[in-house]
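*Asks:* Prediction below, plus the sequence it came from.
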Amino acid sequence: KSAVAREELKKMQEDLHKGVRMFLDKLEKVGREKTDWTLCEMGQVADIMKDLSTVEKDIAKTHMLMSEHSSEVF
């Protein structure tokens, strides 16, 4: 059971990293085409980046907790 949970966690982390890379690639493309950004647009990008980093932090915390405790705890 624990190995399955670890594999699922690893898959989630890989998927998140793939999504972040796709977002950053798109952001770079738009940034090259669009030189002027409104404050609202910059805030929206910052919010997305914050949300993505929060997910990464939560996945890392889950991994840490799973490695410190047996699967019976969960």
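*Replies:* Arrived safely, thanks for sending.
*Asks:* Only the buried residues of the helix ranked longest in the chain, if you could.
*Replies:* The helix spanning the most residues in the chain, taking DSSP state H as the definition, is helix 2-33. Of the residues in helix 2-33, 13, 20 count as buried by neighbour count, 16 or more other CB atoms under 10 Å. (C-beta placed from N, C-alpha, C; glycine too.)
*Asks:* For it, give the mean pLDDT please.
*Replies:* The average pLDDT within helix 2-33 is 88.
*Asks:* same question, stretch 55-67
*Replies:* Mean pLDDT, stretch 55-67: 86.
*Asks:* Just the CA trace of it, in CSV.
*Replies:* Taking Å, rounded to 0.1, in the frame of the first residue of the first chain, the C-alpha atoms of stretch 55-67 are listed here in CSV:
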residue,chain,number,x,y,z
VAL,A,55,1.2,22.6,-4.5
GLU,A,56,4.9,21.7,-4.8
LYS,A,57,5.4,22.5,-1.1
ASP,A,58,2.4,20.4,-0.2
ILE,A,59,3.6,17.5,-2.2
ALA,A,60,7.1,17.8,-0.6
LYS,A,61,5.5,17.9,2.8
THR,A,62,3.4,14.8,2.1
HIS,A,63,6.5,13.0,0.9
MET,A,64,8.3,13.9,4.1
LEU,A,65,5.5,12.8,6.3
MET,A,66,5.1,9.5,4.4
SER,A,67,8.8,8.8,4.8
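*Asks:* contact partners of that stretch?
*Replies:* Contacting residues not belonging to stretch 55-67 are listed as 2, 5-6, 9, 12-13, 16, 20, 74 [CB atoms under 8 Å, 6 or more residues apart in numbering].
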